[in-house]
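no FASTA, just this:
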C-alpha cells in the first residue's frame with residue numbers, strides 16, 4: 001500500500017519488542033540536539049572548503065583567505081563556527097593564529113560523507 005508516495009504496511013501491527021528495543025537505544029534529547037547541530041555545521045560549502053584546506057596544512061586566516069579567494073572577515077566568521085563545533089582548533093604563534101583540524105574525527109566524517117554520496 002502506498003500513502004503520499006511512501007510505501008506503508010497494509011495491516012496496522014506494532015511489534016512491541018522492536019519498539020521497546022529501539023526506544024532503549026535512542027540517545028537522550030540533548031545528545032540528539034547536539035548531533036543535529038554538528039551536522040548543520042557541515043551544511044555550508046564554505047566551511048567544507050575550509051576543512052579541506054586544513055586537511056592539507058595548518059594555516060592562518062590570511063593564508064586560508066588567499067587559498068579560498070575570500071576576504072579575511074568571511075573566513076574568520078566561518079572559523080568561529082567551526083571552532084564552536086570543535087571541528088577546528090587555533091593556536092597563537094606571535095601575532096598570528098594558526099588553525100588546524102581539531103582531531104582525526106573531522107577527516108573521518110568528511111571521508112564517510114564523500115563515500116556515501118559516491119555510492
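Looks like it arrived, so ask away. Just so we're clear, the structure is a prediction, and the values are computed from it rather than from any experiment.

The one helix or strand residue 19 maps to: what's the following helix or strand?
Using DSSP states H and E, residue 19 maps to helix 16-25. Next helix or strand after helix 16-25 toward the C-terminus (DSSP H and E): helix 29-41.

quick one: that following helix to chain centroid distance?
10 Å (CA atoms, centre = their mean, to the nearest Å).

contacts for it?
Helix 29-41 is contacted from outside by 26-27, 47, 81-82, 85, 87, using CB atoms under 8 Å, 6 or more residues apart in numbering. Quick note: C-beta positions are derived from backbone N, CA and C, even for glycine.

and what of stretch 42-57?
41, 59, 64, 67-68, 70, 74-75, 78-79, 81-82, 87-88, 99-101, 106-107, 109-110, 113.

which ones among those are found in strands?
Applying DSSP state E to these, the entries found in strands are 59, 88, 99-101.

Show me which of those are buried.
Buried subset of the ones in strands among the contacts of stretch 42-57 (neighbour count, 16 or more other CB atoms under 10 Å): 59, 88, 99, 101.

give the contact list for the spatially closest residue to residue 89 that is not a sequence neighbour.
Counting by CB to CB, 6 or more residues apart in numbering, residue 89 lies nearest to residue 102, which is 4.8 Å off, once chain neighbours are set aside. Taking CB under 8 Å, 6+ apart, we find residue 102 in contact with 86-89.

ok, residue 102 to residue 85 distance?
Per CB to CB, to the nearest Å, residue 102 is found 9 Å from residue 85.

What are the buried residues along stretch 107-119?
Buried, per 16+ other CB under 10 Å, within stretch 107-119: residue 110.

Alright, that wraps it up for me.
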